[in-house]
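> Pasted the sequence and its predicted model underneath.
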Amino acid sequence: MHRYFGVMSGTSLDGLDIALIEQGNSTRLVATHYIPMPNQLRADILALCASGPDELARAALAEQQWAQLAAQGIGAILHEQNLNPEDVRAIGSHGQTVRHEPARGFTVQISNAPLLAELTGICVVSDFRRRDVAAGGQGAPLVPAFHEAVFNAAGGLRAVLNIGGFSNLTLLAPDAEVRGFDCGPGNVLLDAWIGRHQNASYDQDGNWAATGQVQAQLLDAFLQDSFFATQGPKSTGRELFNIEWLDQHLSRLPSFRPEDVQATLLELTAQTIAKALLSAQAKTEQLLVCGGGARNITLMNRLAALLPDCSVCATDTHGVPADWVEAMAFAWLAHCCLEGIPANRPSVTGAKGLRILGAIHPA
């Protein structure tokens, strides 16, 4: 058994998730640590998601701070577990995505892996997405290979749904190649809208959305976006679905109560997930949900209603806490890189073939 750290910060930019796993023939979660994203760093990273002045210097400064935060969290787990840096084989660092445009041949994650290796004294494996993009793939989602390893369906049709800033599906069927793709917005628009109107970082349990009424005209306008008409492999990000996208739709229609917009955004997330699943794997028996969206009671209830023939539950029911699946996945990806195991799935990303993912920065 080898120990690996996984470090993940997603498009919600709420903070850094850090997981310590033991990896042998199976994956075991040992410890976790969460660090909230400082407000200024969050603002700096959000600004990097669009063109602006002096981007290179601003990105370099932001990723220094990101690496320092990650090192703090890793140090906290080492202390808690009474471990030394040499007791851990590697850190799998996803970094923070600031641009994702595979159609133009690039994806950008900032993380400063060399600095993280210096600060922790542990080998760092990073930059997992670009090799898949170089091979003609989307570079995302990368977690389906991990989902396949941990949640593989032995006797029925199963899907794993990650709802972070964006939502993505992994489709698992016995004796079949794993498939997966991004569905569209997860929490990204919900978080942005409640941030604007209630100065909150997210909608706890979907409570605010539950007070509103879904507006059919607005929902129909959302669903006309061409992204929803395309089949996988496909991925998306803030380049497409952002507050400006929402404002453009709202500017063309009569005004709505803020809580009704929130309810409609939640319905958009639920419907695009359900439609994607029914289209790609119609007789799915079980949908396992991870990511922050798994804690949104209103959203989970809506998914269950839209998928009456499918059991909808959090991954916790299968022994893997929903909040830590993605961080565990990047720890596992570090293991695959060091073992020379291809970790992309061409059936998911559209790459020309299997590839070993990651760049290695020795301690």
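It's in.
> going forward, measure contacts between C-alpha atoms and count neighbours the same way
Noted.
> Do a quick rundown of the helices in the stretch 51-200 of the chain.
Taking DSSP state H, counting those that start in this stretch to define them, one finds helices in the stretch 51-200 of the chain at 55-81, 113-120, 129-134, 144-151, 188-198.
> err, the stretch 201-350 of the chain, not the other one
Using DSSP H, counting those that start in this stretch, the helices of the stretch 201-350 of the chain run over 207-210, 216-223, 243-251, 258-280, 297-306, 325-339, 346-349.
> could you say what helices and strands the third one packs with?
Using 3 or more CA pairs under 8 Å, 6 or more residues apart in numbering; DSSP states H and E as the contact criterion, the neighbours of helix 243-251 among helices and strands are helix 188-198, helix 216-223.
> Output those in a markdown table; the columns should cover distance to M8 and mean pLDDT.
Converted to a markdown table, these look like this (distance: least, CA to CA, whole Å; pLDDT from 0 to 100):
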| stretch | distance to M8 | mean pLDDT |
| --- | --- | --- |
| helix 188-198 | 16 | 96 |
| helix 216-223 | 29 | 98 |
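> can you redo those as TSV with distance to L277?
Below are those laid out as TSV (distance: least, CA to CA, whole Å):
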stretch	distance to L277
helix 188-198	20
helix 216-223	16
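> any idea how far stretch 242-249 is from the chain center?
On the basis of CA atoms, centre = their mean, to the nearest Å, the separation between the geometric centre of stretch 242-249 and that of its chain is 21 Å.
> List the buried residues for that stretch?
By neighbour count with 16 or more other CA atoms under 10 Å, stretch 242-249 contains the buried residues I243, L246.
> List of residues touching it?
Identification of contacts with stretch 242-249 by CA atoms under 8 Å, 6 or more residues apart in numbering yields V188, L189, A192, W193, L218, A221, F222.
> what mean pLDDT does stretch 350-363 have?
Averaging pLDDT along stretch 350-363 yields 97.
> and T11, what pLDDT?
For T11, the model assigns a pLDDT of 82.
> and it, what does it touch?
Shown in contact with T11 (CA under 8 Å, 6+ apart): Q96, T97, G164, G165, F166, V188, G237, R238.
> which residues touch the residue of the chain positioned farthest from its centre?
Ranked by distance from the centre of the chain (CA atoms, centre = their mean), the top residue is P254, with 33.3 Å. Taking CA under 8 Å, 6+ apart as the definition of contact, P254 has no neighbours.
> measure it to I341 for me?
P254 sits 54 Å away from I341, taking CA to CA, to the nearest Å as the criterion.
> same deal with D182?
Separation of D182 from I341 (CA to CA) stands at 24 Å.
> So for these two, which residue has more residues nearby?
Neighbours per residue, other CA atoms under 10 Å: of D182 and I341, the larger number sits with D182, 29 against 15.
> Count the residues that sit near the residue lying closest to that one once chain neighbours are set aside.
With sequence-adjacent residues excluded and distances taken as CA to CA, 6 or more residues apart in numbering, D182 is closest to N168, at 4.0 Å. N168 has 27 neighbours, counted by other CA under 10 Å.
> Flag every buried residue along stretch 333-340.
Judged by neighbour count using 16+ other CA under 10 Å, the buried positions of stretch 333-340 are L333, A334, H335, C336, C337, L338.
> quick one: average confidence on that stretch?
Averaging pLDDT along stretch 333-340 gives 98.
> chain center to that stretch: distance?
Relative to the mean C-alpha coordinate of its chain, stretch 333-340 is positioned 20 Å out (CA atoms, centre = their mean).
> send the alpha carbons of that stretch over as CSV?
Extracted as CSV, the C-alpha positions of stretch 333-340 are listed here (Å, rounded to 0.1, in the frame of the first residue of the first chain):
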residue,chain,number,x,y,z
LEU,A,333,-4.4,9.7,-10.8
ALA,A,334,-1.0,10.4,-9.2
HIS,A,335,-0.7,6.7,-8.5
CYS,A,336,-1.5,5.8,-12.1
CYS,A,337,1.1,8.2,-13.4
LEU,A,338,3.9,6.9,-11.2
GLU,A,339,2.9,3.3,-12.1
GLY,A,340,2.8,4.0,-15.8
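> before we move on, the earlier item: state the distance from the residue farthest from the centre of the chain to Q138.
Counting by CA to CA, the gap from P254 to Q138 is 37 Å.
> likewise I110?
According to CA to CA, I110 stands 18 Å off from Q138.
> who's more crowded, the two?
Q138 (30 against 23).
> close enough to count as contact, V108 and V98?
Yes. Under the contact definition of CA atoms under 8 Å, V108 touches V98, with a separation of 5.9 Å.
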